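Colleague: Mind folding the following:
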Amino acid sequence: MIVTGNVPVGEAPAQPHGNRLLAAIDVEWSKNYRGKGGRVPFCFSVTWIPLPAGGAAVPHATRFWYSSAYVNDDGERSDLIAAAGAALGCIASHATLVAGHQLCSDLAVLASAADGTPTAIEEARSAWRKRRQAEPGQLAYLDTRYDAGGVLACQSRRLVDVCADLRLDVTQPELRGSSMTALHRRWTEHGDVTAREKITVLNLRHSLSTAIVAARAAGLAQWQPGLNVNRLLASQLGSRLGWTASPAFTALLGEPGAA
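Modeller: Modelled structure (predicted):
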């Protein structure tokens, strides 16, 4: 597998003193609904953001930690699922709040594609189903598709529309003139590194924006309209991925300090 990040997969960052940790996970998978086994996970990411106990604003230079895993080919599917299980187990042990966008589907895909589902994935599925009955002090789960209605004015629950409603800039140039399926095929069939990196960045944008939306929905964060999630990604990814140095991506960043 191709693994990148500023914290290893299956490990948590050191919890800043006086802060809580919010973790968000997002899984990318082939969306073939025509037959059994058509939904195959090939990439996932986990992002962690610190949340001051007082619910302070999320600044434009927010520090976050992340780990990302991507298969070289379908033969690594079991490795990816095992890594996702390790990540979910770590999240259950270290996070205060766990977020996902339609997380039930991501977890179901991981479980159905596994030859023996890792315990942590089944425990996460159970916790998601019981998330609204969680007792104070228990690990909380928040699904930004189903649980963020209290802070939204829009009817759509697509992540991109939720972010637009909350004035988060999540422009995604990766899908201009292409699709997730086509990009993934370019990687697996032709070794197109840029195509893989585009999906990696897209996936990280999903998990990071989900984390930020969940923080707002839980009453733990605020920000000025126009918070640029791509600028946050660029600040932490640095030169790890060539795609983030491309003109198509850097054009999204604007002037430093701008909204």
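
Colleague: Figure out the helix or strand that the residue nearest to Ala87 when sequence neighbours are not counted lives in.
Modeller: With sequence-adjacent residues excluded and distances taken as CB to CB, 6 or more residues apart in numbering, Ala87 is closest to Val46, at 5.0 Å. (Glycine included, C-beta is placed from N, CA and C.) Secondary structure from DSSP states H and E places Val46 in strand 41-52.

Colleague: how far is the next helix or strand after that strand from where the chain is centred?
Modeller: Using DSSP H and E, the next helix or strand after strand 41-52 towards the C-terminus is strand 65-70. The chain centroid and the centroid of strand 65-70 are separated by 9 Å, computed with CA atoms, centre = their mean, to the nearest Å.

Colleague: now do stretch 81-94
Modeller: 14 Å.

Colleague: What ranges in the stretch 1-150 of the chain fall below the confidence cut-off?
Modeller: Applying pLDDT under 70 to the stretch 1-150 of the chain flags residues 16-18, 32-37, 53-62.

Colleague: cutoff 50 now
Modeller: Along the stretch 1-150 of the chain, the model assigns pLDDT under 50 to no residue.

Colleague: what about the helices in it?
Modeller: 77-94, 103-113, 119-129 (DSSP state H, counting those that start in this stretch).

Colleague: So which bits of the first one are buried?
Modeller: Along helix 77-94, the positions that meet the burial threshold by neighbour count (16 or more other CB atoms under 10 Å) are 77, 80-91, 94.

Colleague: quick revisit: could you check the angle helix 77-94 makes with the strand holding Val46?
Modeller: Angular relation of strand 41-52 and helix 77-94 on a 0 to 180 degree scale: 10 degrees, by axes from the mean of the first three to the mean of the last three CA atoms, to 10 degrees.

Colleague: Strand 41-52: partners in the sheet, and parallel or antiparallel?
Modeller: Applying DSSP bridges, strand 41-52 is found paired with strand 19-29 (antiparallel), strand 65-70 (antiparallel).

Colleague: Now render the ones you listed as CSV, adding mean neighbour count and distance to Pro52.
Modeller: Listed next are those as CSV, based on neighbours: other CB atoms under 10 Å; distance: least, CB to CB, whole Å:
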stretch, mean neighbour count, distance to Pro52
strand 19-29, 23, 6
strand 65-70, 24, 16
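
Colleague: Tell me which residue lies nearest the centroid of this protein.
Modeller: Residue closest to the mean C-alpha point of the chain, counted by CA atoms, centre = their mean, is Ser207 at 1.6 Å.

Colleague: helix/strand/coil for that residue?
Modeller: Put simply, Ser207 is helix when judged by DSSP: H, G, I helix; E, B strand; the rest coil.

Colleague: I'd like to know how far Ser246 sits from Gln236.
Modeller: 17 Å (CB to CB, to the nearest Å).

Colleague: Which one's more surrounded, the two?
Modeller: A count of neighbours by other CB atoms under 10 Å puts Gln236 above the other of Ser246 and Gln236, at 18 against 14.

Colleague: In which helix or strand does the more buried one reside?
Modeller: Here Gln236 is covered by helix 229-237, with elements defined by DSSP H and E.

Colleague: picking up where we left off before, dump the helices of the stretch 1-150 of the chain to a markdown table, plus distance to Val170.
Modeller: Converted to a markdown table, those look like this (distance: least, CB to CB, whole Å):
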| stretch | distance to Val170 |
| --- | --- |
| helix 77-94 | 22 |
| helix 103-113 | 18 |
| helix 119-129 | 23 |
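
Colleague: So for Thr188, which of these sits nearest?
Modeller: Each of the helices of the stretch 1-150 of the chain has some distance to Thr188 by CB to CB; the shortest is helix 77-94, at 11.6 Å.

Colleague: Put the alpha carbons of the closest one into CSV.
Modeller: Extracted in CSV, the C-alpha atoms of helix 77-94 (Å, rounded to 0.1, in the frame of the first residue of the first chain):
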residue,chain,number,x,y,z
ARG,A,77,-7.6,-4.9,-0.5
SER,A,78,-7.2,-7.0,2.7
ASP,A,79,-4.3,-4.9,3.7
LEU,A,80,-6.3,-1.7,3.3
ILE,A,81,-9.2,-3.2,5.3
ALA,A,82,-6.8,-4.3,8.1
ALA,A,83,-5.3,-0.8,8.1
ALA,A,84,-8.8,0.8,8.3
GLY,A,85,-9.5,-1.5,11.3
ALA,A,86,-6.4,-0.5,13.0
ALA,A,87,-7.2,3.2,12.4
LEU,A,88,-10.8,2.8,13.8
GLY,A,89,-9.4,1.0,16.9
CYS,A,90,-7.0,3.8,17.5
ILE,A,91,-9.8,6.4,17.0
ALA,A,92,-12.0,4.6,19.6
SER,A,93,-9.1,4.8,22.1
HIS,A,94,-8.0,8.3,21.6
